[in-house]
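**Q** heads up, no residue letters with this:
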C-alpha cells in the first residue's frame, strides 16, 4: 500500500515521511515487495485480528511538495482498529474463518513473441513469489507472498505454458 513508519511534523501543515529511518516513502508502493505487508493489509486479508493493528496515521488531502517524502496535508488523523470497526464494521469473515490459501493468475500481453529466456525468467519469478518458503537468493531482500504475510498465507500460481497463444 505504501506509506511511512515515522512522520515528522515540519510545521505549516508540512510533513516528512520516513521509512526504516530514511527520508522518503512510496505513496502507493514501497519498492515493490521490499517490505512485508503492513498490519492493516494483513487485517484486510483476514490474516490478523483487530487487536494487532495498532494505530494508523492518515493524511487528510495530502499534496506532494515535489521533495522526496515531503508533503502537505490539511490534517493528520490517527485511527485505531476500533475507529475502523466503528466506521466499516467487523471484518467478515473473521481471522479464524478467513481464507489463508489463495490462487492467482498472471496474464502477459505483448505485441511481440517472448523469447525462451524471458519466459523462463517470468516463470522463475512466479515460482519464487508463490513459494511457501524464502525466495531464491537472486531476489535479494525482496519478499515473496508467504514471507510478506509473515508466513500466514500462501498463494498458488500455476504455470501452464501450453496456454501460450501466438499470432
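**A** Structure's in. What do you need? The shown structure was predicted, so the numbers you read here are calculated from the model rather than taken from an experiment.
**Q** show me the strands in this protein, by range?
**A** 6-11, 14-19, 22-23, 56-60, 63-64, 70-72, 75-79, 101-103, 154-156 (DSSP state E).
**Q** which one of those strands lies closest to residue 121?
**A** Across those, residue 121 has its closest neighbour in strand 154-156 (19.1 Å, C-beta to C-beta). Backbone N, C-alpha and C define where each C-beta goes, glycine included.
**Q** so which bits of stretch 122-132 are buried?
**A** 125-126, 128-131 (16 or more other C-beta atoms under 10 Å).
**Q** distance between the ends of stretch 15-25?
**A** Distance between the two ends of stretch 15-25: 12 Å, counting by C-alpha to C-alpha, to the nearest Å.
**Q** wait, residue 76 touches residue 62, no?
**A** No. In this structure, residue 76 is not within contact of residue 62 by C-beta atoms under 8 Å, at 9.3 Å.
**Q** list the strands paired with the worst-scoring helix or strand of the chain on mean pLDDT, with their directions.
**A** Within the chain, confidence by mean pLDDT, DSSP states H and E is lowest for strand 22-23 among all helices and strands, at a mean of 86. Partners of strand 22-23 in the sheet, by DSSP bridges, are strand 14-19 (antiparallel).
**Q** can you give me how far the partner strand is from the chain middle?
**A** 19 Å (C-alpha atoms, centre = their mean, to the nearest Å).
**Q** also stretch 106-118?
**A** 25 Å.
**Q** endpoints of that stretch, how far apart?
**A** So stretch 106-118: terminal residues 14 Å apart, C-alpha to C-alpha.
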